[in-house]
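Visitor: Predicted model and sequence below, questions to follow.
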Amino acid sequence: MNKTLKCILWMVVLVFIGYKSIYFKKLHSMKAVNTGNFNAAAYASNYLNITLPGLMGKAIPVDRLLADLQSAPQKTFDTYSNALDIGTIRFFWVKGRGRVVSVNEENVTLQTDSMHAIINIATEYVFGNAVRDATGLIHINDFGSTADLNNISAEINKLIRRQVLPPFKAKAKKGDEIEFSGAVELNSAHLDVAGSEFIPVSLKIMR
Amino acid sequence: MRKLSVWLLLIVMIVGCKNQANNTSQPKKVAIIVSTLNNPWFVFLAQTAAAKAKELGYDSRIFDSQNNTALETDHFENAIATGYKAILFNPTDANGSIVNVNKAKAAGVPVFCMDREVNSTDGATSQILSDSYSGSADVGKYFVQTMHKTGKYVELLGLVSDNNTWNRSKGFHSVVDFYPALKMVAQQSAEFDQNKAMEVTESILQAHPDINGIFCGNDAMALGAYQALVAAGKAGKVKVFGFDGAADVVQSIRDGKITATGMQFPKIMAQTAAIYADEYFKGKRDFPRKIPVSVELVTAHNVNDYIAFGKK
């Protein structure tokens, strides 16, 4: 074999290896990775509209939660909170009544019925996993990918922003008597109830 | 002759038993294979795993994959061939690392993923992962609040082959995209690297000198972005957000240089992986396939509750 032919063969081999080793993908195509066939929107709708209304009996009354957090915080976390994660961030499934103290840009402030404690109901920043995780019904091992789990939260929050908040925000005013259910995220290592927001699942103006 | 044979047989049996006793008394070996040791976060993860393994009575060795799946494959083959009984693993590539995990499983060596996941629920015995999506949603909420729902911003992505990159990006956008007055003018990968982040930010600043915020998929990139802002005379005018909880960034938040970060807990992940390996050796098999670890938002308001890579 002459030298030129050898050289050409080597070049073909190198080009082939190079072609097979390097490839380019657009960023947006990488974003689509891991989105399988799981219908998070349907799952979230069923959870919010069918499952949660049936779980009102298991929601802790907000006044009892606040009182228990004052008297025995760790026991309260151990007894009532749920979370999918390891860590000190935990979620509570809550119900209660209160009177509207103020209607703000990002939340509605209530004074609770019996404790007269001040709590905030989120009306702007409805994000995160509080509603998904507070009941303890959803288990991580039931899902193949964390993307599916994340999509459940995103869809639940979307439904709350679309279904629950608009009719409430349109009518709520100072002095209204409110009945609500929802979820709240609390950190057992840095407990701050006053700085937390309750994510509403249902909001009823009783007048 | 017969007597001699019996004596020889007895000697062989005694020597065999002695060797066996020696073998069982030797501590089991645990391999710790991490994506890179060129980032203090992963050094901390690896060293914590090694310390916990030692505390539990195992020998361990740390292997650095240098963000290279081929090198990672070599480490797996080495670990399996040289008798490591479990692998505490920080994958380089969510898809590319699956083959290595499966190879270990086929060899009967359990793999416990730390921080980063592989896109398979079959190979690894358990995956202990940062809840990057939720943590970034929290960073995103704070981003919206501190930007007052308006302005131009840049996003620096990590390695595009890593799930954490996209979980962080998606978590952040799950909040920020609801605010149309917040406009993303550039989204580029800086591969979780401080120097690359500085270079990328420098070039972005030339095209978009009027940005108000930068969201970075890790703290190394946040530091690189901040360096570029200092060089351009824009430090303090552009808010920088990171993710990790690295020492330099915790201090930078205290100093008012960086606005916020998502605090991960590598200690919890590394220790849990080592504990799971110990439990596996003792017979446990029903591990959660994936278990997330909470990420907490660190800002100027609560930074004194935190230290590098965790709580005080």
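Guide: All right, it came through fine.
Visitor: what about the residue in chain A that chain B sits nearest to, neighbour count?
Guide: Closest residue of chain A to chain B, C-beta to the nearest C-beta: A:Gly87 (2.9 Å). The C-beta positions use only the backbone N, C-alpha and C, and glycine is treated the same way. A:Gly87 is flanked by 18 other residues according to other C-beta atoms under 10 Å in any protein chain shown.
Visitor: How about the one 4 residues further on?
Guide: For A:Phe91, the neighbour count with other C-beta under 10 Å is 25.
Visitor: mind checking the SS state of it?
Guide: strand (DSSP: H, G, I helix; E, B strand; the rest coil).
Visitor: Quick check, it in contact with A:Asp85.
Guide: No: the criterion here is C-beta atoms under 8 Å, and A:Phe91 misses it with A:Asp85 at 9.8 Å.
Visitor: Now do the helix or strand harbouring B:Phe215, average pLDDT.
Guide: Secondary structure assigned from DSSP states H and E places B:Phe215 in strand B:213-216. In this model, strand B:213-216 has an average pLDDT of 98.
Visitor: That one pairs with which strands, and in what direction?
Guide: Taking DSSP bridges as the criterion, strand B:213-216 pairs within the sheet with strand B:151-157 (parallel), strand B:239-241 (parallel).
Visitor: Show me what the first one is in contact with.
Guide: Put plainly, it is strand B:151-157. The set of residues external to strand B:151-157 that reach it, using C-beta atoms under 8 Å, 6 or more residues apart in numbering or on different chains, is A:27, B:143, B:147, B:165, B:169, B:172, B:176, B:181-190, B:197, B:200-201, B:204, B:208, B:210-217, B:221, B:225.
Visitor: Drop anything exposed from those.
Guide: The neighbour count (16 or more other C-beta atoms under 10 Å in any protein chain shown) marks B:143, B:147, B:165, B:169, B:172, B:176, B:182, B:186-190, B:197, B:200-201, B:204, B:211-217, B:221, B:225 as buried among the contacts of strand B:151-157.
Visitor: Among those residues, which are located in helices?
Guide: Residues from the buried ones among the contacts of strand B:151-157 lying in helices, with DSSP state H as the criterion: B:Phe143, B:Thr165, B:Ser169, B:Phe172, B:Val176, B:Ala197, B:Val200, B:Thr201, B:Ile204, B:Met221, B:Ala225.
Visitor: Tell me which residues touch the most centrally placed residue in chain A, please.
Guide: Nearest to the mean C-alpha position of chain A, by C-alpha atoms, centre = their mean, lies A:Asn129 at 2.1 Å. The neighbours of A:Asn129, taking C-beta under 8 Å, 6+ apart as the test, are A:Leu84, A:Phe91, A:Ser153, A:Glu185, B:Ser134.
Visitor: I figured the third one was touching A:Val126, is that so?
Guide: No: using C-beta under 8 Å, A:Ser153 makes no contact with A:Val126, being 10.3 Å away.
Visitor: Neighbours of B:Ala232, how many?
Guide: B:Ala232 - counted by other C-beta under 10 Å - has 15 other residues nearby.
Visitor: any idea what sits nearest it, other than its immediate chain neighbours?
Guide: B:Leu205 (5.1 Å; C-beta to C-beta, 6 or more residues apart in numbering or on different chains).
Visitor: What about that neighbour, how many residues nearby?
Guide: 21.
Visitor: now the contacts of A:Asn129 in TSV, with distance to B:Asp115 and secondary structure?
Guide: Shown next, in TSV, are the contacts of A:Asn129 (distance: C-beta to C-beta, whole Å; DSSP: H, G, I helix; E, B strand; the rest coil):
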residue	distance to B:Asp115	secondary structure
A:Leu84	17	coil
A:Phe91	23	strand
A:Ser153	21	helix
A:Glu185	22	strand
B:Ser134	15	helix
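Visitor: Of all residues in chain B, which one is nearest the centre?
Guide: B:Asp115 (4.0 Å).
Visitor: And the contacts of the strand or helix carrying B:Ala31?
Guide: Using DSSP H and E, the element containing B:Ala31 is strand B:29-34. When contacts are defined by C-beta under 8 Å, 6+ apart, strand B:29-34 is touched by residues B:42, B:45-46, B:49-50, B:53, B:58-65, B:72, B:75-76, B:79, B:82-90, B:114, B:274, B:277.
Visitor: Just give the nearest non-adjacent residue to B:Asn67, would you?
Guide: B:Asn67 sits nearest to B:Thr36 (C-beta to C-beta, 6+ apart), 4.8 Å away.
Visitor: Pretty sure B:Ser65 is one of the things the one you found touches, is it not?
Guide: Yes: between B:Thr36 and B:Ser65 a contact is recorded at 6.7 Å, counting by C-beta under 8 Å.
Visitor: Between these two, which contacts overlap?
Guide: Taking C-beta under 8 Å, 6+ apart as the contact rule, B:Thr36 and B:Ser65 both touch B:Thr92.
Visitor: okay, these two: which has more neighbours?
Guide: The neighbour comparison of B:Thr36 against B:Ser65 (other C-beta under 10 Å) goes to B:Ser65, with 26 against 19.
Visitor: Once you drop chain neighbours, what's closest to that one?
Guide: Here the residue nearest B:Ser65, using C-beta to C-beta, 6+ apart, is B:Glu72, at 3.9 Å.
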